[in-house]
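1. Got a sequence here, can you model it:
(chains A and B)
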Amino acid sequence: MAKGLWAGRAWLALVYAFLYAPLLYMVVFSFNSTRQDARYTGFSWRWYEALLNDTKLVDGFWLSVQVATLTGLLSVVVGTFAAYVLVRYRRFGGRSLFAGMAHAPLVMPEVVVGLSLLLLMVGIQTLLGWPERGVLTIVIGHTLLGSAYAMVVIQARLSEMDRRIEEAAMDLGARPYQVFMLVTLPNMTQALVAAFLLAFTLSFDDVVIAEFLSGPGVNTLPQVVFGYARRGINPTVFAAATLLMLAVTTAAVAYSVWVLRRSRQRADEAKRALAS
Amino acid sequence: MTCIAALLGRGWMGRPLVIAVPYVWLGLFFLAPFAIMFYISWVDMGNDILPFKPLWDEASGVLRLRFDNYTSLWRSDQGQWFDTLYVDAYLRSVWYAALSACICLLVGYPFAYAMTRADARWQPLLLLMVMLPFWTSLLLRVYAWKGLLADQGIVNQALLALGWVQTAPVLLYTDVSLLVGMAYVYLPFMVLPLYAALSKQNPQWLEAAYDLGCTPWRAFWIVTVPLSWRGIGAGMILVFVPSLGEFVIPSLLGGPENLMIGRVLWDEMFTANNWPRASALATVLVLAIVVPLVWYARVAAKDDRG
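-> Numbers count the residues shown, from 1 in each chain, chains lettered A, B, ... in the order given. Below you'll find the predicted structure:
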């Protein structure tokens, strides 16, 4: 058995190395002193300087931040509605159609989603002369995907929530809308934050839907990177990747600390409530 | 806002309104686009301004339903069946998606199994470390593989240094780089359901098998593996489905030999500007994904009942 255990550990180490090798590679070579992508020639900040002067990447970054933030917010709103309907309303006309449509974006290839939405946008544009393809159309496309993921996260939280606290609020005279705003929503903040982060990340990472739905002169960060990638390796992109990884790691640590604190706070409050 | 609150407060409007919001959203941005796509897949190609013609020609009053957007996917210009770029690309996509799923299973199963055997205190961290790369851009991680797998890249240098090869093989823009990229990106999708299935297993089941005289190896195959089939099925589907229509990975790591259906659809839309055919391709692709999913859902539901 001991031999099997060691083989298992070796396999774990090997696969983790596989998972993290590209990330490590990008960090190391973002500090390379030459354009070499396979030999480390010495430390330098030059690719970070190049990144700051690369207006395409910088503009793409700010555009992506805008698009992803809007997508995250809109996805949480739509996802909450969809999750609430699926969890709380077990019976209504067209429920199975609704459930199917709500989950479908999870499995549809991005090319199909992008193509079909482009056709819709072209149709609306010829009829109404609006909207121009740009930020709005990309946000709609990303939200279609993001809200499906947000829905799954929120659905999980909503279905495990104790309904008695809502019933208690109702017994105390709260209207359904008040119950939702004052009891249900505050009880799923964690899921809402997780859903926002998931939708934000999806949007920040997507190139296919953005390519279909963006107009001339509107290029998100992934679109710019994708354009560069087809022309070979550019260490400026590695510098951008390193900074993004730093941001993601910081956000992940901050989120875990926040979650941990909240659960500790909860436990303390519960203890105090029981003691009194 | 107060108006909505007042309506919801009454209670009688609340429910239909809450259902209507996501319903309208999905109808407008999911169902309508698919309906338009399906419609366009049956019409004639148009001109530069609007690349398709209406199904119903108002001037002459003729209904022009086109089957050739679909038949041209299967029949070449010379009239030979199944000898087209599209059939090749479909079959290749299915093949690569299936291969990626198998590679992920072969790598992921022992990995998930070893995770469940690790110290319970470490398991959440191990799980987190599988998911963490997912939060950094897929595009950037695939981009990094492009550098790693280059002709004089680090992977080739390592292979030469280890003496496993005499001359550096061409890895980039081949099956190898494509499959490495797919397995790399989709491995977490395989590991998570497998881990969920394996960590739920009761160690006493294995002990019972040992008591009945099973060797550990045999017990693994007749107890652990069959009891984790749900995880295997879910993992295979989670890898296979997104791989089938994958666009980014084959674009960056595949060569002209590895053309997959996502890319073909893209070219049909933006290079050939043939919107009806692109729509027909997309419709067939959706069917290719929905059919195995429905089949899996049926089998899983039957398993639940039985």
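2. packing partners for the helix or strand harbouring residue A:145?
-> If you go by DSSP states H and E, residue A:145 is part of helix A:135-160. On a contact count with 3 or more Cβ pairs under 8 Å, 6 or more residues apart in numbering or on different chains; DSSP states H and E, helix A:135-160 meets helix A:55-88, helix A:95-103, helix A:110-128, helix A:189-205, helix A:208-213. Heads up, the C-betas are built off the backbone N, CA and C, glycines and all.
3. change it to 10 Å
-> The elements that helix A:135-160 packs onto, with contact taken as 3 or more Cβ pairs under 10 Å, 6 or more residues apart in numbering or on different chains; DSSP states H and E, are helix A:55-88, helix A:95-103, helix A:110-128, helix A:189-205, helix A:208-213, helix B:14-26.
4. Just the buried positions in the first one, please.
-> Just to be clear, that refers to helix A:55-88. Neighbour-count burial for helix A:55-88 flags A:57, A:59-61, A:63-64, A:67-87 (criterion: 16 or more other Cβ atoms under 10 Å in any protein chain shown).
5. next one: phi and psi at the residue of chain A found nearest chain B?
-> In chain A, the residue found nearest to chain B is residue A:109; the distance is 2.3 Å by Cβ to the nearest Cβ. Note on residue A:109: backbone dihedrals following degrees, to the nearest 10 are phi -60, psi 140.
6. which ones are touching it?
-> A:115, A:208, B:93, B:241-247, B:261-262, B:265, B:282, B:285-286, B:288-289 (Cβ atoms under 10 Å, 6 or more residues apart in numbering or on different chains).
7. now with 7 Å?
-> Residue A:109 sits next to B:244, B:245, B:262, B:285 when contact means Cβ atoms under 7 Å, 6 or more residues apart in numbering or on different chains.
8. Can you list phi and psi of the residue of the stretch 201-306 of chain B found nearest chain A for me?
-> Of all residues in the stretch 201-306 of chain B, the one sitting closest to chain A is residue B:245 (2.3 Å; Cβ to the nearest Cβ). Phi and psi for residue B:245, reported as degrees, to the nearest 10, are phi -100, psi 20.
9. That one and residue A:179: what is the separation?
-> Going from residue B:245 to residue A:179 by Cβ to Cβ, to the nearest Å gives 42 Å.
10. Can you pick out the residue with more neighbours from the two?
-> With neighbours defined as other Cβ atoms under 10 Å in any protein chain shown, residue B:245 and residue A:179 compare such that residue B:245 has more, 25 against 18.
11. Could you check the pLDDT of that one?
-> Per-residue pLDDT puts residue B:245 at 90.
12. Residue B:260 is in contact with that one, correct?
-> No. Judged on Cβ atoms under 7 Å, residue B:245 makes no contact with residue B:260 at a distance of 8.1 Å.
13. joint contacts of these two?
-> Common neighbours of residue B:245 and residue B:260 (Cβ under 7 Å, 6+ apart) do not exist.
14. Could you list which residues are in contact with the residue of the stretch 201-306 of chain B closest to chain A?
-> A:109, A:111, A:112, B:261, B:262, B:285.
15. at 10 Å what do you get?
-> Counting by Cβ under 10 Å, 6+ apart, residue B:245 makes contact with A:107-113, A:208, B:93, B:97, B:260-262, B:265, B:282, B:285-286, B:288-289.
16. mind listing the helices in the stretch 101-250 of chain B by residue range?
-> According to DSSP state H, counting those that start in this stretch, the stretch 101-250 of chain B carries its helices in the segments B:123-135, B:138-148, B:154-162, B:175-199, B:203-211, B:216-219, B:225-227, B:229-244, B:248-253.
17. Out of these, which is closest to residue B:72?
-> Within the helices of the stretch 101-250 of chain B, the stretch nearest residue B:72 is helix B:229-244; the backing value is 21.3 Å (Cβ to Cβ).
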